[in-house]
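> Predicted coordinates and the sequence they were generated for:
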Amino acid sequence: MGAAIYHKTEYRERRDHYAVFWANREPDAFDTQREAFLGVYGSPARPEAVFGDGCTDSVAHGWQPIAAQEFDLELKSGESESILFGLGYIENPQDEKWAAPGVVNKTRAEAMIARYADDTSFDRAMETLRAHWSGLLGKYQVATGDERLDRMVNIWNQYQCMVTFNMSRSASYYESGMGRGMGFRDSCQDLLGFVHMIPERARERILDIAATQFPDGSAYHQYQPLTKKGNLDVGSGFNDDPLWLIAGTDAYLRETGDFGILDEQVDFDNDHALARPLLEHLRRSFTYTRTHLGPHGLPLIGRADWNDCLNLNCFSEHPGESFQITGPSEGPVAESVFIGGMFVKYGRDWVNILRHVGLDSEADEALEAIGAVEKAVLDAGWDGEWFRRAYDAFGHVVGGKECEEGQIFIEPQGMCVMAGIGVQSGEAARALESVEQRLDTKYGIVLLNPAYTRYHLELGEISSYPPGYKENAGIFCHNNPWIVCAETELGHGDRAFQVYRRTAPAFIEDISDIHRTEPYVYSQMIAGKDAPSFGEAKNSWLTGTAAWTFLSISQAILGVKPTLDGLRIDPCVPSGCKGFTLTRQYRGAVYEITVNNPEGAQHGVKELRVDGELFQGDLIPVSAPGATVRVEVLLG
């Protein structure tokens with residue numbers, strides 16, 4: 001028969017939902033009062049009910065309800081018993097809340113419980129669940145011969161991308177919960193690792209994000225997931241935000257070829273009267289950056305860029321003054337080399353989109369603007385051995401040799417090289433050498449070096465953290481994959497995989513006592529070399545690390561890259577990799593890819609065959625839905 005415990009806080013007053021915890025046999029005892037279960041001096045680590053005399057049939061009437069059921073079992077050697085437990089959530093229509101006055105309507109809950117009444121029902125449900133996840137995760141599967149790598153790529157990294165897409169940063173053990181909403185920038189980046197799984201949901205998310213954009217192309221930094229409206233809790237004016245909308249939309253177009261999304265009418269600032277096609281939203285994103293340049297021709301940083309803690313226009317002196325929204329304005333002087341790299345990288349994606357919809361003259365104009373910013377990055381953003389980080393509100397260099405602290409930052413090195421800046425002229429290679437020499441550690445690449453040891457009013461929150469933590473020279477896992485991608489731009493497969501391994505959970509299980517987060521999920525940051533707890537991770541699960549790491553391994557290293565016109569095959573692997581097989585579902589077709597690397601090459605496709613026929617180039621055109629395409633790749 002079983003027993004169920006119902007949690008109905010506020011159901012009488014305002015809510016139409018409740019939770020239920022059940023088992024498929026009668027318990028010997030139960031508790032619903034937290035203190036009765038834990039004990040006055042107990043804890044979740046040592047509940048009195050478990051280590052003492054058992055549950056006491058306590059009934060909660062308020063305060064802190066819990067649900068615990070006790071079963072007293074005696075098993076002989078080799079004997080087993082099965083008990084099924086379930087945790088469920090039920091919503092009732094307003095006019096069906098009550099079965100009788102004061103009696104909760106449990107009809108839907110009882111139907112749910114009945115679906116899992118015995119082992120056969122449970123096993124059937126588990127098979128359905130496995131099939132669901134196989135369908136999602138099966139769209140990208142690899143066999144490399146390294147069980148750790150396969151486990152991360154095939155299961156856990158993709159799963160974390162799904163969780164991060166669903167929740168962004170709005171429901172976290174570590175952050176401020178639902179109050180912060182979903183980030184404009186965060187949600188756009190989450191698309192990069194999720195779009196291949198459920199592209200229709202990615203499409204919906206893009207339109208939701210775009211609807212919170214301001215008419216001038218700038219953006220709320222956050223929006224609420226339930227109302228889908230922007231909020232100003234941390235203001236706006238984070239000047240990298242607009243370009244991430246281009247990045248997310250481009251990823252969707254590459255995956256699906258659904259250019260119809262560009263014609264969708266989308267509000268500005270959730271105002272229907274201001275609705276314009278999504279293409280216009282992207283245009284205004286690009287234009288906002290193009291028209292907000294500083295004295296050196298670099299993009300203005302505004303309140304901050306990707307690094308929310310680099311606050312060059314805020315000047316927070318007293319407790320209670322927000323690092324992000326304190327200050328007279330978003331600033332006409334402080335510039336970001338990082339956004340300059342973004343503008344070049346995602347500006348070129350914007351150009352490709354324009355050409356695909358027949359707007360060649362606009363694409364040519366955009367290329368001119370991109371070229372001007374690229375020149376500014378090389379002229380004013382290059383410090384001699386690496387890319388500078390920014391210019392502050394007084395026009396002083398941030399992230400250069402002349403700085404006492406914070407001489408080199410990871411972000412512009414990754415983004416500028418991913419954008420192709422300095423690849424031909426040599427700056428890219430020197431920048432990545434500087435990363436290895438000055439930022440590398442055995443647990444990952446730190447965000448900056450040397451760490452700030454005092455508070456800098458002109459820099460803001462980044463200098464408020466202790467050295468080695470968070471943005472102040474911590475290992476920010478989110479941008480380590482940028483270096484992976486950057487290294488593959490130069491064909492450095494060994495170095496790219498070295499950087500990948502250092503933060504990949506499956507590869508660092510042997511230091512779990514140091515790392516101290518789940519050995520299957522990425523964390524936001526790891527304490528850097530200046531911290532007493534060097535190597536200890538924090539803030540797992542909800543981080544852009546998931547999406548960027550999946551992109552870095554699936555596209556940059558394994559080299560299967562969706563484009564607007566098909567799949568590009570361009571692996572960049574460690575020299576010890578002798579080959580791998582990969583299955584990729586793409587626009588309704590299945591691509592079965594075999595890569596052979598007998599010579600231990602790091603990069604370079606020597607021969608490509610498609611369905612047995614020698615193929616010229618590395619871009620395989622889109623195949624018909626339902627087709628199976630067999631691809632053989634020889635590196636060398």
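Cool, got the structure.

> use CA for all of it now, contacts and neighbours both
OK.

> A68: what secondary structure?
strand (DSSP: H, G, I helix; E, B strand; the rest coil).

> Tell me what it is bridged to.
D31 (DSSP bridges).

> Give me the pLDDT value at it.
A68 carries a pLDDT value of 97.

> thought it was touching Q33?
No - judged on C-alpha atoms under 8 Å, A68 makes no contact with Q33 at a distance of 9.1 Å.

> Looking at these two, which one has more neighbours?
Higher neighbour count among A68 and Q33: Q33, with 22 against 19, using other C-alpha atoms under 10 Å.

> Report the contact partners of the more buried one.
By C-alpha atoms under 8 Å, 6 or more residues apart in numbering, Q33 lies in contact with 58-60, 64-67.

> Which pLDDT value goes with it?
At Q33, pLDDT is 97.

> how close does it sit to N166?
As judged by C-alpha to C-alpha, to the nearest Å, Q33 and N166 stand 32 Å apart.

> what's in contact with stretch 562-578?
Applying C-alpha under 8 Å, 6+ apart, the external contacts of stretch 562-578 come out as 253-255, 257, 488, 491-497, 555-561, 596-605, 618-622.

> Next step: those residues restricted to helices.
253-255, 488, 493-497 (DSSP state H).

> among the contacts of stretch 562-578, which are in strands?
560-561, 596, 605, 619-621 (DSSP state E).

> Output stretch 44-59 as PDB - backbone C-alpha positions only.
Extracted in PDB, the C-alpha atoms of stretch 44-59 (Å, rounded to 0.1, in the frame of the first residue of the first chain):
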ATOM      1  CA  PRO A  44      22.400  16.300   8.700                       C
ATOM      2  CA  ALA A  45      25.700  14.600   9.000                       C
ATOM      3  CA  ARG A  46      24.600  12.800  12.200                       C
ATOM      4  CA  PRO A  47      20.800  12.800  12.600                       C
ATOM      5  CA  GLU A  48      19.700  11.600  16.000                       C
ATOM      6  CA  ALA A  49      16.900   9.400  14.400                       C
ATOM      7  CA  VAL A  50      19.600   7.500  12.500                       C
ATOM      8  CA  PHE A  51      22.200   7.200  15.200                       C
ATOM      9  CA  GLY A  52      19.800   7.000  18.100                       C
ATOM     10  CA  ASP A  53      16.400   5.300  18.600                       C
ATOM     11  CA  GLY A  54      14.800   6.000  15.300                       C
ATOM     12  CA  CYS A  55      12.000   8.200  14.100                       C
ATOM     13  CA  THR A  56       9.300   9.300  16.600                       C
ATOM     14  CA  ASP A  57       6.300   9.900  14.300                       C
ATOM     15  CA  SER A  58       6.600  13.600  14.700                       C
ATOM     16  CA  VAL A  59       4.100  15.800  12.900                       C
END
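
> For that stretch, buried residues please.
47-49, 54-58 (16 or more other C-alpha atoms under 10 Å).

> Out of these, which is nearest to V40?
Nearest to V40, judged by C-alpha to C-alpha, of the buried residues of stretch 44-59 is E48 at 8.5 Å.
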